[in-house]
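> Okay, structure incoming, though there's no sequence with it:
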């Protein structure tokens, strides 16, 4: 009995073990089969498909003058799962690499971008603002974006796990050129220097978005815009301390929306160039009691008044494009130049000559420069553009092409056996009217020139064609002209253009041949103004010079003011001086220097100094 029970347990145990083995084999087969059916053709594949970068501080608020904010980069990255299975996660990193060494990973920018669960075919975009590393050397860099999936058991199949953005980055560019002062917000400028705008400036309803309170200031807009709101008296840049500032330069700035773009009060020897004034409700540029300034290469567009010039003289305003309701308003008794010397070069409306300004209406389609004809110079009007008696644009720009008056072509003279001189037909029509009519080239054949048969009995006049080509019914007989030399044809010569600036020169300096220390002597000098502009008032200085070179070694005798040296005139001035008792017993030239206070603008100053022909000998007496 015991033996049976013993064998029964063994049989049951072996049977159970056999059944478990069969079941395990079956389950393994099924699982293996299921596993083969679920194996995908590919796994998750995260790829970088786009990336951009830009330097940007537009979101920063007020930045005090002289403060250089941290340079920041706005980086946008787009990734996509190009596989057919969800990616469990990934990291994105940004680096700066030197141009030319893109194969070397440089300094990392900011922190990692970490994300999870990017579905198959899904696209995701990230935008990050990261500060520029401060320890970088100056130079040109690019941004590299790298994808890291190693911690998520995702192995990219495409190799699109790295991209280099081609737009270059220049660390330090927010600070501007060396020696300049970057400007990010409205402010007051109290110190001379070179100020450069680093972004558009929003002035809101400020009365003066920028105030200039010192001479020797340059504002370079860098192509940025100063915007304001019209309140009745707002201005973009205000130069109105009343202290008589000078040597101000404003360039490459756009002004928009305020009442006055630039307001200059008692400002001299300054330059406004390459600026744009749009939608200024009062005027683009206003000058009050401001003299000897240069204004050129500007666009003044859709304002009530383009340029206002009040109680200001000696300003040179040229090569500006004006498209306003009223392009210019200027006091009649104050003389300013509205053009420069004609010279070759591309002007502000694309012509080949630079001279005056372009005068259009608000639309830019009509106005003087849209219709004025060019005769002697391409792109320069044949007629001046007068604002008033003392403010005339001598060379206004025009869109018209060059039109030269064509000379009539004489017809061939019929062959005659007579050797008598050929006479010339003279019509009753005044010469001036004939020339005015010959604007377009003449294509009709000129009338044949008759031959004089007998000097005592001139042949009857041939019929003279009238303007419309019909025969003149009551034409008087045409007298013969025995001597053709009585009406010589004028020989055309090159046009002579008078400089639009004053040009003060010293013609002659005279004085005694000798003198003694402590003695009084008289110096006489003749000065002239050979320019096209009156020199109202300026200083002259007198010296004794050993070497015809005015410097600190020369003896200063004194100075005086010269008034009203008109264009094309000369003046003789006479002054008495006492020779210093301590002067050496040498020979000295008598010297005169004009316009020493620079109160008169001159393009040419080479002739401002003159010397006596002989030297004055200082004797021991």
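Yep, that arrived. Predicted, not measured: the structure shown is a model, and the values here were computed from it.
> Now the closest residue to residue 534 other than its chain neighbours. Its backbone dihedrals?
Spatial nearest neighbour of residue 534, chain neighbours left out: residue 566 (4.9 Å); criterion: Cβ to Cβ, 6 or more residues apart in numbering. C-betas here are computed from N, CA, C, even on glycine. For residue 566, the backbone dihedrals are phi -70, psi 160 (criterion: degrees, to the nearest 10).
> Any idea how many residues pack against residue 566?
The tally of other residues near residue 566 (other Cβ atoms under 10 Å) stands at 13.
> ok, it - contacts?
Counting by Cβ atoms under 8 Å, 6 or more residues apart in numbering, residue 566 touches 529, 534, 535.
> Just among those residues, which is most surrounded?
Within the contacts of residue 566, most neighbours by other Cβ under 10 Å means residue 535, with 27 neighbours.
> And the pLDDT for that residue?
pLDDT recorded at residue 535 is 85.
> I'd guessed it sits against residue 505; true?
No - Residue 535 lies out of contact with residue 505 (Cβ atoms under 8 Å); the separation is 10.8 Å.
> anything in contact with each of the two?
Common neighbours of residue 535 and residue 505, counting by Cβ under 8 Å, 6+ apart, are residue 529.
> what's the pLDDT at the spatially most central residue of the chain?
When Cα atoms, centre = their mean is applied to the chain, the residue found nearest the centroid is residue 274 (3.2 Å). Per-residue pLDDT puts residue 274 at 97.
> Now do the helices for this structure: every range, in order, please.
Assigned by DSSP state H, the chain shows helices spanning 2-38, 368-371, 431-437.
> Report the contact partners of the residue nearest to residue 333 when sequence neighbours are not counted.
Nearest non-adjacent residue to residue 333, counting by Cβ to Cβ, 6+ apart: residue 390, 6.7 Å away. For residue 390, the contacting residues are 332, 333, 334, 335, 336, by Cβ under 8 Å, 6+ apart.
> and the first one, how many neighbours?
A count of neighbours around residue 332, defined by other Cβ under 10 Å, yields 10.
> and what of the fourth one?
Using other Cβ under 10 Å as the criterion, residue 335 is surrounded by 20 other residues.
> could you measure it against residue 389, distance?
9 Å (Cβ to Cβ, to the nearest Å).
> Please apply the same query to residue 266.
Residue 266 is 25 Å from residue 389, by Cβ to Cβ.
> In terms of neighbours, single out the busier of these two.
A direct count of neighbours by other Cβ under 10 Å for residue 266 and residue 389 places residue 266 higher, at 19 against 9.
> The more buried one contacts residue 288, doesn't it?
Yes - between residue 266 and residue 288 there is a contact under Cβ under 8 Å: 7.4 Å.
> residues in contact with residue 600?
292, 314, 502, 504, 535, 536, 537, 538.
> Could you list which of those belong to strands?
Among the contacts of residue 600, the ones falling in strands (DSSP state E) are 504, 535, 536, 537, 538.
> can I get those in a markdown table with distance to residue 517?
As requested, the ones in strands among the contacts of residue 600 are arranged in a markdown table below (distance: Cβ to Cβ, whole Å):
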| residue | distance to residue 517 |
| --- | --- |
| 504 | 32 |
| 535 | 35 |
| 536 | 38 |
| 537 | 34 |
| 538 | 31 |
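> which of the residues you listed tops the neighbour count?
Counting neighbours by other Cβ under 10 Å, residue 535 leads the ones in strands among the contacts of residue 600 with 27 neighbours.
> For that residue, name its beta-bridge partners.
Judged by DSSP bridges, the bridge partners of residue 535 are residue 565.
> For residue 610, list each beta-bridge partner.
Counting by DSSP bridges, residue 610 is bridged to residue 592.
> Just give me the neighbour total for it.
20.
> From residue 287, how far out is it?
Distance from residue 610 to residue 287, by Cβ to Cβ: 34 Å.
> ok, now residue 261?
Distance of residue 261 to residue 287, given as Cβ to Cβ: 12 Å.
> Also residue 588?
From residue 588 to residue 287 the distance is 44 Å (Cβ to Cβ).
> quick one, which of the two is more surrounded?
Ranked by neighbour count (other Cβ under 10 Å), residue 588 and residue 287 place residue 287 first, with 29 against 23.
> hang on, the earlier thing: just send the contacts of residue 390 back as a markdown table, with distance to residue 211 and pLDDT too.
A markdown table is the format used below for the contacts of residue 390 (distance: Cβ to Cβ, whole Å; pLDDT from 0 to 100):
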| residue | distance to residue 211 | pLDDT |
| --- | --- | --- |
| 332 | 31 | 83 |
| 333 | 30 | 85 |
| 334 | 26 | 90 |
| 335 | 30 | 93 |
| 336 | 25 | 95 |
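> Distance of residue 564 relative to residue 357?
Applying Cβ to Cβ to residue 564 and residue 357 gives a distance of 28 Å.
> So for those two, which sits in the more crowded spot?
Ranked by neighbour count (other Cβ under 10 Å), residue 564 and residue 357 place residue 357 first, with 30 against 11.
> Surely the more buried one is in contact with residue 319?
Yes - at 6.7 Å, residue 357 counts as touching residue 319 under the criterion of Cβ under 8 Å.
> anything in contact with each of the two?
Listed as contacting both residue 357 and residue 319 by Cβ under 8 Å, 6+ apart are residue 397.
> Would you mind giving me the confidence score for residue 164?
89.
> Any idea what the residue nearest to it when sequence neighbours are not counted is bridged to?
Excluding the flanking residues, the one nearest residue 164 by Cβ to Cβ, 6+ apart is residue 144, at 5.0 Å. Residue 144 forms beta bridges with residue 95, residue 164, as assigned by DSSP bridges.
> Now for residue 292: which residues touch it?
Counting by Cβ under 8 Å, 6+ apart, residue 292 touches 268, 269, 314, 315, 598, 599, 600, 601.
> Can you tell me which of those residues is closest to residue 88?
Of all the contacts of residue 292, the one with the least separation from residue 88 (Cβ to Cβ) is residue 269, at 71.3 Å.
> can you pull the pLDDT of the residue nearest to residue 125 when sequence neighbours are not counted?
Among residues not flanking residue 125 along the chain, residue 78 sits closest, at 4.6 Å (Cβ to Cβ, 6+ apart). Listed pLDDT for residue 78 reads 95.
> Quick check, residue 78 in contact with residue 46.
No - the pair residue 78 / residue 46 is not scored as a contact, 11.4 Å apart, by Cβ under 8 Å.
> returning to what we had before: please report how far the residue nearest to residue 534 lies from residue 388.
For residue 566, the distance to residue 388 - Cβ to Cβ - is 19 Å.
> Then residue 610?
Distance, residue 610 to residue 388, by Cβ to Cβ: 36 Å.
> show me what contacts residue 317?
Residues counted as contacts of residue 317 (Cβ under 8 Å, 6+ apart) are 294, 295, 296, 307, 309, 336, 337, 338, 357.
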